[in-house]
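Participant: sequence first, then the predicted structure:
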Amino acid sequence: MKNSFRRVVGRNKRQSGQVMVFVLLGLGVFLIGAMAFAIDLSNLWFQRQASQTAADAACTAGAMDLLLDATNGTTTQGGFTAGTAFDCNSNSTYAPCQYANLNGFGSSITQANANSGNLGNNVFVDFPATVPGVTAPPPTIAPTAFMRVIVTNNMPTFFAGMLQGLSKQSVKAIAICGVTEAAAPIPILVLDPNSPHASPQQSALNVQGNGAIQIFGGPSRSIQVNSAANAGSCGQSNCAVNSPWGSASIDLSQAGPLGTGADMALSGTPAAPLSGFNGGTTGHWIAPAAPIMDPFGQVCYPGQTINCNTTINGYPAPSVPPVPAGVTATNGITSTICTAAQVVAGNCKVLHTENGCPDVLGCTLYEPGAYASGITVKNETAIFDPGLYYVTGGLDMQSQSMVRPGTGPGDGTGGITFYFNGSGTVQVNSNSGSRTIDTFNTLKGPVTAAAVRYPGASTTSPYYYGVQCVNPGSIVPANLQGGGAGVNINGNILLGPCTGYYGDPLGTSEPASIGEQRWFLFFQDRSAQGVQPSWGGGGQFLLAGTMYFHSCNSSGSGVSCTPPPVPATASSYYQDILSLSGNSGAGTYVLGEIVADNLTLGGTSGINMDLNPTNAFSVLKASLYQ
């Protein structure tokens with residue numbers, strides 16, 4: 001009995017020991033599985049993060065190249081052809097591939113092998129036509145707007161294969177990026193991406209003379225120069241901005257939204273500020289900086305109906321206007337009624353104060369419309385009633401000429417727009433603007449010796465509030481307030497429109513601190529090449545409005561400005577040179593944006609500029625969406 005009991009107990013002990021062994025073995029397998037899961041999952045998570053980082057970096061680099069393509073009118077900025085998918089396994093020199101490689105993904109296998117599960121990694125790039133939730137810019141601005149980078153990483157496992165027979169695991173990361181339109185303030189923008197296209201050769205921004213170019217107010221970046229040409233290729237020590245400036249200077253110390261300074265940015269060199277630059281307490285010299293595209297590429301020229309914004313602020317794009325209509329001139333020197341032929345020929349003469357004529361010797365009155373043979377002003381004062389002037393042959397202001405805004409109703413836009421059809425442009429002789437006539441007050445508008453305003457003027461007069469479109473109060477630029485009395489200008493004066501298609505695109509929705517602004521004063525035919533507009537003269541001047549001089553289209557239509565096939569390296573594009581020169585009289589003033597291929601600033605006393613900080617037009621920006 002005892003022996004039987006001992007045998008049973010011994011058997012039970014052996015069985016218990018076996019159970020403990022199986023339990024321990026089970027726990028060991030579980031722990032090994034948990035360790036395998038932890039190690040392989042941790043590695044999987046790490047590889048997933050690394051893959052996504054590489055995809056994001058590659059896509060961001062590619063998006064910047066798409067931005068440069070759209071801005072400079074190219075298709076191969078990063079080595080790849082925008083719109084054509086590619087595998088980094090065979091295209092390692094392309095910019096997205098290089099950035100993926102810098103982040104540890106050199107695309108060691110092809111996309112086909114990666115999809116088949118072969119060990120290694122692959123980076124593949126394609127260009128989707130749409131991205132959910134993102135509005136693509138017009139194809140005339142960015143023909144290829146979006147890019148997708150797919151990183152596939154087939155990696156070996158360590159412990160999972162012991163348990164499940166899995167010897168490899170695939171990790172995939174996707175990044176989507178591209179360019180979209182964003183509202184942005186428009187600084188003084190010099191568009192030429194690869195100076196020296198201009199003839200004569202010069203830096204894209206050429207500062208001359210011994211005066212100061214001073215900028216007041218405006219956005220946080222006052223000046224942008226897109227040129228990234230190699231130093232010395234334009235006959236200067238660098239091609240973005242000429243150096244040295246001599247005794248001239250650019251003073252941004254009172255620029256920017258707070259009036260405490262603003263930035264000057266260059267896509268190329270020099271990296272350090274040139275002597276004579278003053279950015280104030282909040283402004284910087286930024287180089288290199290990403291270029292800014294032409295903000296007005298979607299603004300229709302007169303008669304354009306496709307590939308542009310056919311409506312701005314509710315106003316339709318204008319067609320080519322007819323010749324000016326006749327105008328009643330009750331005190332006319334030559335006639336009581338000026339015929340259309342007289343207006344076009346420059347033979348509509350009015351007496352002092354009529355239609356705002358500031359000259360005691362009388363003025364030549366011009367009305368909005370088409371001028372097929374240009375407009376020439378010499379030995380006289382010309383006044384222009386509000387509206388669109390479609391000028392073929394240009395505006396030529398010769399010796400002893402003066403120009404002023406007329407106070408007639410015109411087309412009701414409250415200002416003047418000159419569209420220069422063809423290669424004719426604005427030219428101001430060095431002896432223009434030096435005669436003494438009645439002054440124009442920057443706060444009060446036209447002034448005579450006998451009255452604050454011209455007889456008969458009312459609050460509906462287009463220039464009743466001087467350079468502003470509305471009752472200025474405190475919104476007139478500080479440099480033109482003159483202690484609250486305004487500044488009297490005795491020289492050439494032209495003011496852009498307040499309303500209409502070429503008027504303020506924000507209209508009355510402008511912030512109260514800004515007020516409705518004057519916009520397109522000069523609009524050069526974009527299909528014309530090598531245009532060299534020049535505004536200077538022998539006295540003071542005041543120009544209020546946007547000045548736009550950009551050559552960018554090979555078809556002669558000016559339809560599409562930035563996309564291919566316009567190449568940034570073509571010698572026939574980006575050749576327009578706008579020259580602004582202040583002279584030895586008292587101050588000269590420019591109020592508004594300047595967008596030109598190349599810009600020369602000079603003079604003996606300087607130019608005062610006041611910029612609008614409002615986000616009114618769109619530019620492209622590079623973005624990472626996913």
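Facilitator: It's in.
Participant: quick one: which helix or strand includes residue 595?
Facilitator: For residue 595, the host element (DSSP states H and E) is strand 594-596.
Participant: against which helices or strands is that strand packed?
Facilitator: Counting contacts by 3 or more C-beta pairs under 8 Å, 6 or more residues apart in numbering; DSSP states H and E, strand 594-596 is packed against strand 188-190, strand 546-549, strand 577-582. (Each C-beta comes from the backbone N, C-alpha and C, glycine too.)
Participant: recalculate using a threshold of 10 Å.
Facilitator: Helices and strands touching strand 594-596, by 3 or more C-beta pairs under 10 Å, 6 or more residues apart in numbering; DSSP states H and E, are strand 188-190, strand 520-524, strand 546-549, strand 577-582.
Participant: what are the pairing partners of it, and which direction each?
Facilitator: Strand 594-596 pairs in its sheet with strand 188-190 (parallel), strand 546-549 (parallel), by DSSP bridges.
Participant: among those, show me which one is buried the most.
Facilitator: Among the strands paired with strand 594-596, strand 188-190 has the highest mean neighbour count (mean count of other C-beta atoms under 10 Å), at a mean of 27.
Participant: picking that back up, for residue 387, which of the strands paired with strand 594-596 is the nearest?
Facilitator: For residue 387, the closest of the strands paired with strand 594-596 is strand 546-549, at 16.4 Å, according to C-beta to C-beta.
Participant: and the closest one, how far out from the chain's middle?
Facilitator: Its chain's average C-alpha position is 12 Å from that of strand 546-549, according to C-alpha atoms, centre = their mean, to the nearest Å.
Participant: next, count neighbours for residue 294.
Facilitator: 25 (other C-beta atoms under 10 Å).
Participant: can you check the one 3 residues further on too?
Facilitator: Burial measure for residue 297: 26 neighbouring residues, criterion other C-beta under 10 Å.
Participant: tell me the SS of the nearest residue in space to residue 57 that is not next to it in sequence?
Facilitator: The spatial neighbour of residue 57 that comes closest, neighbours along the chain excluded (C-beta to C-beta, 6 or more residues apart in numbering), is residue 99 at 4.5 Å. Here residue 99 is recorded as helix under DSSP: H, G, I helix; E, B strand; the rest coil.
Participant: residue 99 contacts residue 58, correct?
Facilitator: Yes - with contact defined as C-beta atoms under 10 Å, residue 99 and residue 58 form a contacting pair (4.7 Å).
Participant: okay, and the common contacts of these two?
Facilitator: Residues within reach of residue 99 and of residue 58 at once, by C-beta atoms under 10 Å, 6 or more residues apart in numbering, are 105, 123, 149.
Participant: so the first one makes contact with residue 58?
Facilitator: Yes - counting by C-beta under 10 Å, residue 58 is a contact partner of residue 105 at 8.2 Å.
Participant: ok, residue 398 - contacts?
Facilitator: 376-380, 427-429, 431-432.
Participant: could you rerun that using 8 Å?
Facilitator: Taking C-beta atoms under 8 Å, 6 or more residues apart in numbering, we find residue 398 in contact with 376-379, 429, 431-432.
Participant: adding distance to residue 623, secondary structure and neighbour count, write those residues out as CSV.
Facilitator: Shown next, in CSV, are these (distance: C-beta to C-beta, whole Å; DSSP: H, G, I helix; E, B strand; the rest coil; neighbours: other C-beta atoms under 10 Å):
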residue, distance to residue 623, secondary structure, neighbour count
376, 49, strand, 15
377, 49, strand, 23
378, 53, coil, 15
379, 56, coil, 11
429, 48, coil, 19
431, 52, coil, 16
432, 47, coil, 26
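Participant: check these and tell me the two furthest apart.
Facilitator: Greatest spatial distance in those: 376 and 431, 14.2 Å, computed using C-beta to C-beta.
Participant: about what we covered before: out of residue 105 and residue 58, which sits in the busier spot?
Facilitator: Just comparing residue 105 and residue 58: by other C-beta under 10 Å the higher neighbour count belongs to residue 58, 30 against 26.
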